[in-house]
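Chemist: Output the structure for:
(one chain, ligands or ions: 1)
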Amino acid sequence: RQGQKPDAVCLVVGTCAMGYPNNKTGDIFASFTPLTNQCQYFWEAFPARDGRTTYLFTYLDADPQRFSLEYLFEDYFKLLPEYQQIELNQLTFKRALFGFFPCYKNSPLKMPWDRVFAVGDSSGNQSPLSFGGFGAMVRHLQRLTNGIDQALTTDQLSQNALSLLQPYQPSLSVTWLFQRSMSVGVQQTINPEQINQLLATVFQEMEQLGEPILKPFLQDIVKFLALTQTLSKTAIFHPGLIFKIIPQVGLNSLINWTIHYWNLGLYTGLYPAAKTLEPVFNKLPLSSQYYYYRWLDAWKYGSGQDYD
Ligand SMILES: Cc1cc2nc3c(=O)[nH]c(=O)nc-3n(C[C@H](O)[C@H](O)[C@H](O)COP(=O)(O)OP(=O)(O)OC[C@H]3O[C@@H](n4cnc5c(N)ncnc54)[C@H](O)[C@@H]3O)c2cc1C
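Modeler: I've put the predicted structure just below:
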């Protein structure tokens, strides 16, 4: 990336510890504090082999004025007792974990060379929302394995041909706005409860719409119909909330998001349409099939239809 400043970062600190009396369930995404230090703190907890893992994470711009990971760790230890209803001296810490995830809007990253292909975190294929790079890799493993195999067997190893293996995915790009709506600029002033209110409302709406809407979202899969239903319901029943979010995320981000949103719709329609042409394309030479299958994968994964 030539030292380019990340478009956003996610700071994560946490521990795995023994001594929690309640360790049967986990939280994917929890929040119990208002905006603190110009950011919203989120928590995650789950049972682990050596006790219970708890994380504190937050989405930030990469502004040099932001606090350090050490500072966040201090807040983690201050807030953990309230989050888990436990005193620190009841816990035996097994290991600590900390890091920050940089992320870039220009993702996945296209390599500028022939015969070179990035896999894993180096490809920037992970969601700017969950930062689950390992999960993203597993999700795309079949697509990448088949694609790399076809590239090698048909000798499609030019920069252009390989770049189709890490295509633009509207399903990934739309999540940028969600991340943006959960963060606040260093100099920005918003209601300290705004992000909590937004999340509580959107999650309630998704829950009412049922598991087919909520579950994929919690698994980092964004689909056009589910997103449209959730946003429409939120806009109809909570229009005030939507108006508050616009100045927070900025008009540019919103316009940019709208383009990805419509592309998500387009990809949702293109995938089944192109799939019906598979018998026709299978009669073409293998090198032509390589291109057909890369576009088919792009439309499938780019619209979250790999979840079906
Ligand atoms: C705190 C934290 C929590 C996470 N939680 C989750 C989670 O819950 N779910 C999830 O899916 N993902 C999670 N991740 C992300 C996950 O760990 C990464 O996506 C995954 O490890 C990426 O694997 P990788 O092989 O692509 O890259 P890496 O694991 O980063 O491996 C790259 C390797 O290349 C080496 N290397 C770098 N430069 C060079 C060089 N010039 N020459 C030789 N070697 C080099 C590095 O030392 C490293 O060993 C988490 C990450 C962190 C930091």
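
Chemist: tell me what whatever helix or strand residue 71 lives in is packed against?
Modeler: Using DSSP states H and E, residue 71 sits in helix 69-84. Counting contacts by 3 or more C-beta pairs under 8 Å, 6 or more residues apart in numbering; DSSP states H and E, helix 69-84 is packed against strand 8-18, strand 42-48, strand 51-60, strand 92-103. Where C-beta positions appear, they are placed from N, C-alpha and C, glycine not excepted.

Chemist: how about 6 Å then?
Modeler: strand 8-18 (3 or more C-beta pairs under 6 Å, 6 or more residues apart in numbering; DSSP states H and E).

Chemist: Neighbouring strands of the strand it packs on in the sheet, and parallel or not?
Modeler: Here strand 8-18 is paired, per DSSP bridges, with strand 51-60 (antiparallel), strand 92-103 (antiparallel).

Chemist: How about it, which residues are buried there?
Modeler: For strand 8-18, burial by neighbour count (16 or more other C-beta atoms under 10 Å) applies to 8-17.

Chemist: now do stretch 87-99
Modeler: Applying 16+ other C-beta under 10 Å to stretch 87-99 flags 91, 98 as buried.

Chemist: Let me see the residues that make contact with that stretch.
Modeler: If you take C-beta atoms under 6 Å, 6 or more residues apart in numbering as the criterion, stretch 87-99 is touched by 12-19, 50-51, 69, 81.

Chemist: is stretch 103-110 anywhere near the ligand?
Modeler: No. Stretch 103-110 stays out of contact with the ligand when judged by C-beta under 6 Å from any ligand atom, the minimum separation being 11.5 Å.

Chemist: quick one: average confidence on that stretch?
Modeler: Averaging pLDDT along stretch 103-110 gives 88.

Chemist: circling back to that earlier point, quick one: is the helix holding residue 71 near the ligand?
Modeler: No. Judged by C-beta under 6 Å from any ligand atom, helix 69-84 stays clear of the ligand, getting no closer than 10.2 Å.

Chemist: Dump that helix to PDB, restricted to CA.
Modeler: What follows is helix 69-84, C-alpha atoms only, in PDB (Å, rounded to 0.1, in the frame of the first residue of the first chain):
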ATOM      1  CA  LEU A  69      -3.700   0.400  22.800                       C
ATOM      2  CA  GLU A  70      -2.200   0.600  26.300                       C
ATOM      3  CA  TYR A  71      -4.800   3.300  27.200                       C
ATOM      4  CA  LEU A  72      -7.600   1.100  25.800                       C
ATOM      5  CA  PHE A  73      -6.300  -1.800  27.900                       C
ATOM      6  CA  GLU A  74      -6.500   0.300  31.000                       C
ATOM      7  CA  ASP A  75     -10.200   1.100  30.200                       C
ATOM      8  CA  TYR A  76     -10.700  -2.600  29.500                       C
ATOM      9  CA  PHE A  77      -9.600  -3.500  33.000                       C
ATOM     10  CA  LYS A  78     -11.700  -0.600  34.500                       C
ATOM     11  CA  LEU A  79     -14.900  -1.700  32.700                       C
ATOM     12  CA  LEU A  80     -14.500  -5.500  32.700                       C
ATOM     13  CA  PRO A  81     -16.000  -5.900  36.200                       C
ATOM     14  CA  GLU A  82     -19.100  -4.000  35.200                       C
ATOM     15  CA  TYR A  83     -19.400  -6.000  31.900                       C
ATOM     16  CA  GLN A  84     -19.000  -9.400  33.400                       C
END
